[in-house]
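Colleague: pasting the sequence and the predicted model now:
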Amino acid sequence: MREAWVIGLHSRDSRGAIHLIRDIVYRKHGRGCTTQASYAHERSASVLCSPRLMLSSLEYLLPWDFSPTVLLICSLSAVLYVRGVGVLKKAGTPPAAWRSICFFLGLGFDYAALQTYVDYLSQHMFWVHRLQHLVLHHIAPALLVASAPSVALRYGTPLWLRDRVVDPLTQQRAMRALLRFAQNPLVALLLFVGLIYYWLTPLVHFAAMLDVHRYLLMNWGMAVDGILFWWLMLASRDRQRQLALGYGTRVLLLCIAALLQILLGAYIALHRSVLFEVYGACGRAWALSPLVDQQLGGLITWIPAAMMSGVGIIVVLYHVMQESRGLQRGSVALAVGQSRSLSRG
Amino acid sequence: MFLVLLVLAACTRSEPPFHLQDITGLMPRLQFALTDANGRAVSADTFRGRVVLLYFGYTQCPDACPTTLAMLQQALRSLGRRADDVRVLFVSVDPQRDTAAVLRRYVGYFGQQFVGLRGDDSALQSLTRRYRVAYHREKPDADGYYAVDHSSAVFVFDRTGRARLLAGSTSGAATIAADLQRLLAS
């Protein structure tokens, strides 16, 4: 008993204390399990402290296929954004804290989906792949758009870079025409839903999961198209300028997008045979029934993806409210101004 | 118009498609550095000039590996002497238990064309990563036995080492033999 106390006092963590209690109980009841219990203690301690496990938990955060491009884009946007926020703070017009949080969450989600162990799992588990695309195509871009980072990014960009690279590139006629085409409401909807359908066509999906280049193209396409689509849906009209899209049209597009995703998700989730053979051929990340994997993946395509349209509609309605309130205020101000000028007259 | 389309389709596909899944251009060339069941270092060059079938498994596998290897054995038998130009590489995903001796005896059951390969974790991982294959060791049971989940695909490479076809455990010996025959002839 005294021996056990000594051990307990020396090991300062709670696990030591738990095992100490177990030791005491075993000894009190005179069971022969003491050695086993302390063995378990030793083993768990060695597992917890072993450098191998520390390394393998770190490995989850390391990229499976390291991409310098993703690292460069993510870190560059983060640096430019922080610089820009610094400039705006000095000018007395910093962005709201929640916008900065949205920005880093969106960026972090994109990075995590592409450059951590999640990427390995999404190559070997259909439902994780669907989750990866939910992040790349829906959640991360919606957060990035909600953060409205363009002003901060612009102020954060060094002048030489802005004048020599960014502005000439974005002001090119071909670039603008391409953007205008992609942001045509019908094209945007077709791209957004079409990409999901295209990459989930069984044969196309099969090739994408085997071929590294197709796989990268698929994920990049999802990330970029996500930003384009959600910018068109969520950004306020005064931010969109020439590309401004009416709020009614947005609600309609979001409803159609939701409907089409529900159809596809339900089809996959309720399908009775395995549609995506590639995961069985290349091996799943862990033992999971192919149909359960497919059902989970279908549900992710069906419910949260479609729910994002609901979130989008709420944001659009919020814009409508803000604008109508602004209009009211404007008209009141106008009326007051008129009555004043009348009374003066 | 329809006729033109038909002619075009006929021109682009001069050869009939393979029975198995065609993966030409999708996967990298055959490349690895492992040791065979006799302890010799082997690489893809060792098998250049032969049609190579690459399969991942382990000798204590209860179902998938023996069925697939038996199916391949049957396909090779039906090819007769032409099967001399085919090698089936059985890469162990469980090198701890699959020692060279165990592996040698196991592939010996299936025939001369079957080659057992093993390597340390890093050599194995670089190969599985190259062919986007996953394997996962389950937790051992009370007797210390553990299963390993692994891929079911058989990757088929032509004589030049290009990845060409993908077979599965349900492809069937006759189908595989037919496609192998075409690859051997080309």
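Modeller: Cool, the structure landed.
Colleague: B:Pro95 belongs to a strand?
Modeller: No: with DSSP: H, G, I helix; E, B strand; the rest coil as the criterion, B:Pro95 is located in coil rather than a strand.
Colleague: residues contacting the nearest residue to A:Leu243 once chain neighbours are set aside?
Modeller: Using Cβ to Cβ, 6 or more residues apart in numbering or on different chains and skipping residues adjacent in sequence, the residue nearest A:Leu243 is A:Gln183, 4.9 Å away. For every residue, glycine as well, the C-beta is placed using N, CA and C. Contact partners of A:Gln183, counting by Cβ atoms under 8 Å, 6 or more residues apart in numbering or on different chains, are A:Leu228, A:Leu232, A:Leu243, A:Leu245.
Colleague: so which bits of the helix or strand harbouring A:Ala223 are buried?
Modeller: Secondary structure from DSSP states H and E places A:Ala223 in helix A:212-234. For helix A:212-234, the neighbour count (16 or more other Cβ atoms under 10 Å in any protein chain shown) marks A:212, A:214-216, A:218-219, A:221-234 as buried.
Colleague: likewise stretch B:151-166?
Modeller: Going by neighbour count (16+ other Cβ under 10 Å), the buried part of stretch B:151-166 is B:151-159, B:161, B:163-166.
Colleague: just after the longest helix along chain B, pick out the following helix or strand.
Modeller: When chain B is parsed with DSSP state H, its longest helix is helix B:64-79. Going down the chain from helix B:64-79, the next helix or strand is strand B:86-92, by DSSP H and E.
Colleague: give me the residues contacting stretch A:299-318.
Modeller: Residues contacting stretch A:299-318 (Cβ under 8 Å, 6+ apart): A:127, A:130-131, A:134, A:137-139, A:142, A:146, A:196, A:200, A:230, A:233-234, A:247, A:250-251, A:254-255, A:257-259, A:261-262, A:264-266, A:268-269.
Colleague: ok, now stretch A:99-110?
Modeller: For stretch A:99-110, contacts defined as Cβ under 8 Å, 6+ apart pick out A:70, A:74, A:77-78, A:81, A:85, A:135-136, A:139-144, A:146-149, A:152, A:223.
Colleague: could I have the CA atoms of that stretch written out in CSV?
Modeller: C-alpha atoms of stretch A:99-110 as CSV (Å, rounded to 0.1, in the frame of the first residue of the first chain):
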residue,chain,number,x,y,z
ARG,A,99,-15.1,38.4,-40.9
SER,A,100,-11.4,37.7,-40.0
ILE,A,101,-12.5,34.5,-38.2
CYS,A,102,-14.4,33.4,-41.3
PHE,A,103,-11.4,34.1,-43.5
PHE,A,104,-9.0,32.0,-41.5
LEU,A,105,-11.6,29.2,-40.9
GLY,A,106,-12.2,29.0,-44.7
LEU,A,107,-8.5,29.0,-45.5
GLY,A,108,-7.8,26.5,-42.8
PHE,A,109,-10.6,24.2,-44.0
ASP,A,110,-9.3,24.3,-47.5
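Colleague: quick one: stretch B:113-125 near chain A?
Modeller: No: applying Cβ under 8 Å from any Cβ of the partner chain, one finds that stretch B:113-125 is not in contact with chain A, the shortest distance being 11.2 Å.
Colleague: mind listing what's buried in that stretch?
Modeller: By 16+ other Cβ under 10 Å, the buried positions in stretch B:113-125 come out as B:Gln113, B:Phe114, B:Val115, B:Gly116, B:Leu117, B:Arg118, B:Gly119, B:Ala123, B:Leu124.
Colleague: return the residues of the stretch 151-300 of chain A in contact with chain B.
Modeller: So far as Cβ under 8 Å from any Cβ goes, the stretch 151-300 of chain A lies against chain B at A:206-207, A:209-212, A:214, A:277, A:280-287.
Colleague: ok, now how distant is the residue nearest in space to the middle of chain B from B:Arg162?
Modeller: By Cα atoms, centre = their mean, the mean C-alpha position of chain B lies nearest to B:Leu54, the distance being 2.1 Å. In this view, B:Leu54 and B:Arg162 are 12 Å apart by Cβ to Cβ, to the nearest Å.
Colleague: same question for stretch B:172-186, mean pLDDT?
Modeller: In this model, stretch B:172-186 has an average pLDDT of 94.
Colleague: and it, how far from the chain's centre?
Modeller: 14 Å (Cα atoms, centre = their mean, to the nearest Å).
Colleague: and it with chain A, contact?
Modeller: No: using Cβ under 8 Å from any Cβ, stretch B:172-186 never reaches chain A; the gap is at least 14.6 Å.
Colleague: what does that stretch rub up against?
Modeller: B:18-20, B:51, B:71-72, B:74-76, B:78-79, B:82, B:85-86, B:154, B:156, B:158-159, B:164-165, B:167.
Colleague: repeat for stretch A:120-130
Modeller: A:64, A:113, A:118, A:131-132, A:209, A:215, A:276, A:279, A:282-286, A:288, A:293-294, A:296-298, A:300-301, B:132, B:134.
Colleague: of these, buried ones?
Modeller: Neighbour counting by 16+ other Cβ under 10 Å classes A:64, A:113, A:118, A:131-132, A:209, A:215, A:276, A:279, A:282-285, A:288, A:293-294, A:296-298, A:300-301, B:132, B:134 among those as buried.
Colleague: from those, which land in strands?
Modeller: Per DSSP state E, strands hold no members of the buried ones among the contacts of stretch A:120-130.
Colleague: what strand or helix carries residue 155?
Modeller: Since no chain was named, I'll use chain A. Here A:Tyr155, judged by DSSP H and E, is contained in helix A:150-156.
Colleague: not quite, go with chain B.
Modeller: Taking DSSP H and E as the criterion, B:Phe155 maps to strand B:154-157.
Colleague: packing partners for the helix or strand that comes right after that strand?
Modeller: Using DSSP H and E, the helix or strand that follows strand B:154-157 in sequence is strand B:163-167. Secondary-structure packing of strand B:163-167 (3 or more Cβ pairs under 8 Å, 6 or more residues apart in numbering or on different chains; DSSP states H and E): strand B:21-22, strand B:154-157, helix B:173-185.
Colleague: buried residues, the last one. List them.
Modeller: The neighbour-count criterion (16+ other Cβ under 10 Å) identifies B:Ala173, B:Thr175, B:Ile176, B:Ala177, B:Ala178, B:Asp179, B:Leu180, B:Gln181, B:Leu183, B:Leu184 as the buried residues of helix B:173-185.
Colleague: could I get the full set of helices for the stretch 151-300 of chain A?
Modeller: With helices called from DSSP state H, counting those that start in this stretch, the stretch 151-300 of chain A shows them at A:159-161, A:167-170, A:173-182, A:185-199, A:202-210, A:212-234, A:237-240, A:247-270, A:278-282, A:290-344.
Colleague: quick one: the first one to chain centroid distance?
Modeller: Read that as helix A:159-161. On Cα atoms, centre = their mean, the centre of helix A:159-161 falls 30 Å from the chain's centre.
Colleague: one more: stretch A:313-332?
Modeller: Relative to its chain's centre, stretch A:313-332 lies at 28 Å (Cα atoms, centre = their mean).
Colleague: thinking again about what came up before, in PyMOL, select just the buried ones from the contacts of stretch A:299-318.
Modeller: To isolate the buried ones among the contacts of stretch A:299-318 in PyMOL, judged by 16+ other Cβ under 10 Å, type:
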select buried, chain A and resi 127+130+131+134+137+138+139+142+146+196+200+230+233+234+247+250+251+254+257+258+261+262+264+265+266+268+269
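Colleague: so which bits of the stretch 1-150 of chain A are right by chain B?
Modeller: A:Tyr120, A:Gln123, A:His124.
Colleague: so which of the residues you listed sit within helices?
Modeller: The helices, defined by DSSP H, take in A:Tyr120, A:Gln123, A:His124 from the residues of the stretch 1-150 of chain A next to chain B.
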